[in-house]
Each structure stands twice: as structure tokens, then as C-alpha cells.
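Chemist: Need a 3D model of the sequence below.
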Amino acid sequence: MVELQGVSVVYGETHALCRVHLKVEPGEFVFLVGTTGAGKSTLLKLLYGAARPSEGRVLVDGQEVNRLRERDIPFLRRRMGIVPQDYPLLPRKTVWENIAYGLQAIGYSQSAVRRRVAQVLAQVGMGTRAHAYPHQLSGGEAQRVAIARALANNPPLLLADEPTANLDPDTSWEIVQLLQQINLRGTTVIVATHNRTIVDRANRRVVALDRGQIISDVPRGGYPAELDKLYPPIAFVQDIPPIKPQRL
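Modeler: Numbers count the residues shown, from 1 in each chain. Below is the predicted model:
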């Protein structure tokens, strides 16, 4: 489904990725983990043509993305679902309209749009919120709508960049469970995250990046020990009782 062969991405003097080799088979669920700036988002952008490699090859479903012309990139993206970090929904359109908009743009008939929007809203548990506007949604609901929009064209590949950012732990786990359900239906899912808790609970394939390089790749497991050694978890100091003021 996805393959990177010796891929580097260089911005000026910064190496966002350095000679990365990665292969993701159809139907896999993969976490990309690492600290901010490790290269997770850059790797995802390569897959949907928002970034170009400085060297190497990027293949998605057998197609060499780095050789596509700019005018062909939109056709590539129609075969994948993309959930960006900030799930930007159109503020003046309802949930239903946000999802329908993309389908109408690629030529779905009105009857097909109605049918497909109803299906994906039910799939993400948002069927009763079809007529709500984005400002009326919680963070978790907005993320579900963003996922529904990404699934609308029934893509074989779903890319999610920090889908649990700014969500509370319970809602974060609900989103990950939703992504796992989508994966069980046959969709290949790649999730970039630095959320240690969901990675540990999900027990899926984990690819760890640090400073643009893959430092570990395990078929099933939690947050990698390699990253803990490089960036030890912050230990919180116990609350210290306040100092009582002294009389002068």
C-alpha cells in the first residue's frame, strides 16, 4: 500500500527526514510516534503530495507520488482520506454539508451524496448531529466529523495527523477505537501521534522517528523504550506545602 525507499526531505539546512525506508502493507494499522519535529507530519505529507522528497521514492498503491505532476495530485488524494491536525471544518456549513461538499465537488449525484453522507455519519456515531454547525460541536464530535469527511469517498488509505491533540483521555481513546473499527473494515490506517497512552493501549505496529530517522519498528507494542531513553518522561514533583509566613 505504502512504501518509502531511501527518502530524505531537506529544507535549507534542516533534514526533516533522512534516508527513510518504510513499507506498510494493505490493511495494516500503524502508529508513527516521536517528539515534535521528529518527522511524522512530513512523512504523512509525502504520502499525499503536500511535500516532495529531496531524494528517494514515495509509492502509494503502486504509484510513484514524487513523479506526479501538480495537476495530478488531487486525483491521488481522492483515493485516500486525510485527517489534518486541526480538523478545519467549514464554519458556515452544517455537519451534513461539510461532508457532502467534497462528494459534490468530485461529481457524486445528489442521491449518492445523501446515501453516502448518512452512511459515514452513522459509522462515526454522528447521525443525530447532522444539522449542527461546527461551533456547536465538542472537540471529540468535531474530530469524528473530520474522520467522516475523510471516509466519505470510501478510501483504501486513511492518514491521521495527531487526531487526539487537545482532546481529553477518554475522548482520545474513543477516537482511536473508531480508527481501529475503520481498520477492521479493511482500510489501511496510519496515525501520527505523540500520545503515549493511546499507543500503549492500542498495542499495534509502532514506528518511532527521531530527528528524521526511523529508530525502531515493532509489529505490536507500546510506546518505544528507545524514545524514553532519548527523552525521559517528565517526573512531576509532589505538591510542596506552602510556607507559613513568619512574624517580623
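
Chemist: only C-alpha atoms for contact and neighbour calcs from this point on.
Modeler: OK.

Chemist: Tell me the pLDDT of the nearest residue to R211 once chain neighbours are set aside.
Modeler: Nearest non-adjacent residue to R211, counting by C-alpha to C-alpha, 6 or more residues apart in numbering: A38, 4.6 Å away. With respect to pLDDT, A38 scores 93.

Chemist: Rounded mean pLDDT for stretch 7-25, please.
Modeler: Here the average pLDDT along stretch 7-25 is 94.

Chemist: residues making contact with it?
Modeler: The contact list for stretch 7-25, computed with C-alpha atoms under 8 Å, 6 or more residues apart in numbering, reads 1-6, 30, 37-39, 42-43, 52-58, 188, 211-214.

Chemist: let's go with 7 Å and repeat that
Modeler: Stretch 7-25 has contacts (C-alpha atoms under 7 Å, 6 or more residues apart in numbering) with 1-6, 39, 42, 53-57, 211-214.

Chemist: Show me these that map onto strands.
Modeler: The members of those that map onto strands under DSSP state E are V2, E3, L4, Q5, G6, E55, G56, R57, Q213, I214.

Chemist: quick one on the thing from earlier: could you flag which of the contacts of stretch 7-25 are buried?
Modeler: 1-4, 6, 39, 42, 53-54, 56-57, 211-214 (16 or more other C-alpha atoms under 10 Å).

Chemist: Looking at those residues, which two lie furthest apart in space?
Modeler: M1 and R211 (24.9 Å; C-alpha to C-alpha).

Chemist: Surely D200 forms part of a helix?
Modeler: Yes. Assignment of D200 by DSSP: H, G, I helix; E, B strand; the rest coil places it within a helix.

Chemist: Count the neighbours of the nearest residue to it once chain neighbours are set aside for me.
Modeler: Spatial nearest neighbour of D200, excluding adjacent residues (C-alpha to C-alpha, 6+ apart): G222 at 4.0 Å. Close neighbours of G222, defined as other C-alpha atoms under 10 Å, add up to 18.

Chemist: residues touching G222, list them.
Modeler: So G222 contacts V199, D200, N203 (C-alpha under 7 Å, 6+ apart).

Chemist: pLDDT wise, what is it at?
Modeler: Residue-level confidence at G222 comes out at 92, pLDDT.

Chemist: Kindly report the same for L32.
Modeler: 97.

Chemist: The helix or strand hosting it packs against which elements?
Modeler: Using DSSP states H and E, L32 sits in strand 29-33. If you count contacts as 3 or more C-alpha pairs under 7 Å, 6 or more residues apart in numbering; DSSP states H and E, strand 29-33 packs onto strand 188-193, strand 204-210.

Chemist: Given it, what are its sheet partners and their directions?
Modeler: Paired strands of strand 29-33, with direction, are strand 188-193 (parallel), strand 204-210 (parallel) (DSSP bridges).

Chemist: Can you give me the buried ones in it?
Modeler: Buried-residue list, strand 29-33, by 16+ other C-alpha under 10 Å: F29, V30, F31, L32, V33.

Chemist: tell me the domain ranges of the chain?
Modeler: With domains defined by automatic domain parsing, the chain comprises 1-79+157-232, 86-154.

Chemist: Looking at the buried ones among the contacts of stretch 7-25, which is nearest N153?
Modeler: Among the buried ones among the contacts of stretch 7-25, and counting by C-alpha to C-alpha, the member closest to N153 is M1, at 17.5 Å.

Chemist: if you skip the residues just before and after it, what's nearest to that closest one?
Modeler: D61 (4.5 Å).

Chemist: Next: I99.
Modeler: Excluding the flanking residues, the one nearest I99 by C-alpha to C-alpha, 6+ apart is R149, at 4.8 Å.

Chemist: That concludes my questions; thank you for your assistance.
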